[in-house]
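Undergrad: following is a predicted model, sequence given first.
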Number of protein chains: 2
Amino acid sequence: MLSEFDLIYQYFASHRTTQKSVALGVGDDCALLQPAPGQQMAISSDMLVEGRHFFAGENPERLGHKALAVNLSDLAAMGAKPVGFTLAFSLPEANAEWLAGFSKGLLRLADRYQCQLIGGDTTKGPLNICITVFGEIPPGQALRRDAAKAGDDIWVSGTLGDARLALAAYLGEITLSDELHEQAANRMHLPEPRVTLGLALRGIAHAALDISDGLCGDLGHILKRSQLGARLNCDALPAGPVLRQQTPELQRQFCLAGGDDYELCFTAAPDHRADVLRAAELAQTPVTRIGTMTASPGLVLTDASDEVIELAITSFDHFRSP
Amino acid sequence: MLSEFDLIYQYFASHRTTQKSVALGVGDDCALLQPAPGQQMAISSDMLVEGRHFFAGENPERLGHKALAVNLSDLAAMGAKPVGFTLAFSLPEANAEWLAGFSKGLLRLADRYQCQLIGGDTTKGPLNICITVFGEIPPGQALRRDAAKAGDDIWVSGTLGDARLALAAYLGEITLSDELHEQAANRMHLPEPRVTLGLALRGIAHAALDISDGLCGDLGHILKRSQLGARLNCDALPAGPVLRQQTPELQRQFCLAGGDDYELCFTAAPDHRADVLRAAELAQTPVTRIGTMTASPGLVLTDASDEVIELAITSFDHFRSP
């Protein structure tokens, strides 16, 4: 059995990223960050629990990727540039194979986004992973939820619903071929944080957030905090390539109220459409215009001919769900 | 049953502290911190797991206090001034009574140290609390573990061992009267982070850390990172008021290898003794000189007459312990 300190160093010492903003990394009571002059620090914490955010026995390499990806997605949604992160986790036993896989998936993504592991905590207990991530952003440039304006276009990056479709197949709600299930499952297990797009949207987008609990519920946060409403064109929603092969009803349902999408939903003025498309091209991330922010409150769903449609949709809730 | 978002706002919205370094608090994808010009951010994460760091069924108000206290203790050990923290936790059910108690104990301590809750995450799962804390410190003034010098005095704040004594009584290893057990248990459940002392020691102490896993094990980190040894006078160790009534053997054992003390252990040059004592007086925190850093490696235990004594001591390890 390894000691706590051996654990930390053995598996995470291979990390290559060194950020100039990190004055002191792992190994003291605290890490020390020195933000570039005048920059703000964007900070977000996410906790992943076995049996709730991922299945028991989940592949550790994918889990390492996802644990950091969902945090980087929060930086992306703010338009912040990744700098570093702390990793606290409890696991039932100091399993070398698990740690090797987990650290590999985690550090590969960290290195890719130049996000340095600066500290953490390990302990024994039911599997639980808590990452806190730090990014830099110039004052006034953050893409805040309360910054949408009436008349703004509503955009979404990438595609929606394939992660929820994979979950439905795991749960036996639907049947997919092995090949399609694997394709959809990659969206669930290996989300790609839209960091580059978030950076490219600085100064162009007004409000933004990342979609983790389903488009409708998450867009609702922008509506609430910006004190506005929205009109959403359900026929414009970019269903994922596997979901696109399902019924129109299922496509609509999983695009609107899926979960685990980790795409960006953002608003921008109509006269910035060309800028949005250029930012998307620079970031090599497709974007789709799906609606309009309105002065009148509430979320209205329409079809392509702007006819209102009625749908019962619910946001994902970690306490309400079974 | 409450929803996740209701939970966050209902219990934590009473928080009064507003820090000028916090540009954006709870409610967006990220919080935004704007450190005072030129200041470094000190960052630490600690995870507390039920059944490991605290007993199942622990009083939630005490638990809220302790969860933040152990993190503030890390800022103290660095000499950093608290600014804010994120709180991520999983709990088996959205229990209103538990949340009321937990938030009360947590926010009371947060308000006392002007440390603002800036974000977090709540989810369903085995009880687990992960706090990441942020403090400010001028560059070059952090009390780092690698900064001890040969010939430095070794100091410790407050008293040691009462928390470990309370645990021994809980576990039936020893017997205490109800009154004494309660007194000792307060040290275990309601540690007081030495934030004021840490700030007062800036520019005076060389190396510092907080004692969470036992004096010998934790002092070992300073030895290792400063590439030095130490001579520790076991007769000078400040046993807690309850431990002081036990046998000399038990006093020694629990002072050297207790756990949950959350006192500062720090080193300073002998010609700064008066400065150390003045800092301690300003912080209204007693300090005791307990040894000397040495150029020769290894930790040597002595009695008051500087005779070497042999003791089998072990540091606390969250994976090695049962």
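TA: Nice, thanks for sending it over.
Undergrad: contact partners of whatever helix or strand A:Ala166 lives in?
TA: According to DSSP states H and E, A:Ala166 maps onto helix A:162-170. For helix A:162-170, contacts defined as C-beta atoms under 8 Å, 6 or more residues apart in numbering or on different chains pick out A:55, A:174-176, A:181, A:183-185, A:187-188, A:191, A:214, A:239-243, A:246, A:250, A:254, A:257-261. Where C-beta positions appear, they are placed from N, C-alpha and C, glycine not excepted.
Undergrad: narrow those to those that are buried.
TA: Listed as buried from these are A:174, A:176, A:181, A:183-185, A:187-188, A:191, A:214, A:239-240, A:242-243, A:246, A:250, A:254, A:257-261; burial here means 16 or more other C-beta atoms under 10 Å in any protein chain shown.
Undergrad: among the residues you listed, which are located in strands?
TA: Taking DSSP state E, every one of the buried ones among the contacts of helix A:162-170 sits outside strands.
Undergrad: out of the residues you listed, which touch chain B?
TA: Among the buried ones among the contacts of helix A:162-170, no residue sits close to chain B (C-beta under 8 Å from any C-beta of the partner chain).
Undergrad: just those: which are in helices?
TA: A:181, A:183-185, A:187-188, A:250, A:254 (DSSP state H).
Undergrad: and the next element down the chain from the helix of greatest length in chain A?
TA: Using DSSP H, we find that the single longest helix of chain A is helix A:60-78. Counting by DSSP H and E, the next helix or strand C-terminal to helix A:60-78 is strand A:81-91.
Undergrad: can you classify A:Ala304 by secondary structure?
TA: coil (DSSP: H, G, I helix; E, B strand; the rest coil).
Undergrad: how about the nearest residue to it, chain neighbours excluded?
TA: In this structure, A:Ala304 finds its nearest non-sequential neighbour in A:Asp235, 3.8 Å apart by C-beta to C-beta, 6 or more residues apart in numbering or on different chains.
Undergrad: quick one: low-confidence ranges for chain A?
TA: The model of chain A has pLDDT under 70 over residues A:1-9, A:312-322.
Undergrad: break it down into its structural domains.
TA: Chain A breaks down by automatic domain parsing into domains covering A:4-137, A:145-302.
Undergrad: how far off centre is the shortest one?
TA: What it means is domain A:4-137. On the basis of C-alpha atoms, centre = their mean, to the nearest Å, domain A:4-137 is displaced by 15 Å from the centre of the chain it belongs to.
Undergrad: what do you get for stretch A:165-182?
TA: Its chain's C-alpha centre and that of stretch A:165-182 lie 22 Å apart, by C-alpha atoms, centre = their mean.
Undergrad: now do the buried residues in it.
TA: Of the residues in stretch A:165-182, A:165-169, A:174, A:176, A:180-181 count as buried by neighbour count, 16+ other C-beta under 10 Å.
Undergrad: first-to-last residue distance for that stretch?
TA: End-to-end span of stretch A:165-182 (C-alpha to C-alpha, to the nearest Å): 11 Å.
Undergrad: chain neighbours aside, what residue packs nearest to A:Leu48?
TA: Nearest residue to A:Leu48 in three dimensions, chain neighbours excluded: A:Ile129, at 4.6 Å (C-beta to C-beta, 6+ apart).
Undergrad: in CSV, list the domains of chain A along with distance to B:Val287.
TA: Formatted as CSV, the domains of chain A follow (distance: least, C-beta to C-beta, whole Å):
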stretch, distance to B:Val287
domain A:4-137, 18
domain A:145-302, 47
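Undergrad: would you map the helices across chain A?
TA: A:4-12, A:60-78, A:96-112, A:162-170, A:178-189, A:195-200, A:215-226, A:248-256, A:273-282.
Undergrad: contacting residues around stretch A:190-202?
TA: Outside stretch A:190-202, the residues within contact range by C-beta under 8 Å, 6+ apart are A:62, A:65-66, A:69-70, A:72-73, A:75-82, A:113, A:137-138, A:141, A:143, A:157-158, A:163, A:208, A:210, A:260-264, A:266, A:268, A:276, A:279-280, A:282-285, A:287.
Undergrad: just the buried members of those?
TA: Buried, going by 16+ other C-beta under 10 Å: A:62, A:65-66, A:69-70, A:72-73, A:75-82, A:113, A:137, A:141, A:143, A:157-158, A:163, A:208, A:210, A:260-264, A:266, A:268, A:276, A:279-280, A:283, A:285, A:287, out of these.
Undergrad: in the stretch 151-300 of chain A, what residue comes closest to chain B?
TA: Of all residues in the stretch 151-300 of chain A, the one sitting closest to chain B is A:Leu209 (5.4 Å; C-beta to the nearest C-beta).
Undergrad: help me confirm that that residue comes into contact with A:Ile222.
TA: Yes: using C-beta atoms under 8 Å, A:Leu209 is in contact with A:Ile222, at 6.2 Å.
Undergrad: joint contacts of those two?
TA: Common neighbours of A:Leu209 and A:Ile222 (criterion: C-beta under 8 Å, 6+ apart): A:145, A:265.
Undergrad: what residues does the stretch 51-200 of chain A have near chain B?
TA: Checking the stretch 51-200 of chain A against chain B by C-beta under 8 Å from any C-beta, the hits are A:51-53, A:74-75, A:77-78, A:80, A:86-90, A:93-94, A:118-126, A:128, A:130, A:132, A:134-135, A:137, A:139, A:142, A:144-146.
Undergrad: now with 6 Å, please.
TA: Selection of the stretch 51-200 of chain A residues close to chain B by C-beta under 6 Å from any C-beta of the partner chain yields A:52, A:74, A:77-78, A:86, A:88, A:90, A:94, A:120-121, A:123-126, A:128, A:130, A:132, A:142, A:144-145.
Undergrad: and which of the buried residues of stretch A:165-182 is nearest A:Ala304?
TA: Among the buried residues of stretch A:165-182, A:Leu165 lies closest to A:Ala304 (C-beta to C-beta), at 22.4 Å.
Undergrad: now the closest one: how far from A:Thr175?
TA: A:Leu165 sits 11 Å away from A:Thr175, going by C-beta to C-beta, to the nearest Å.
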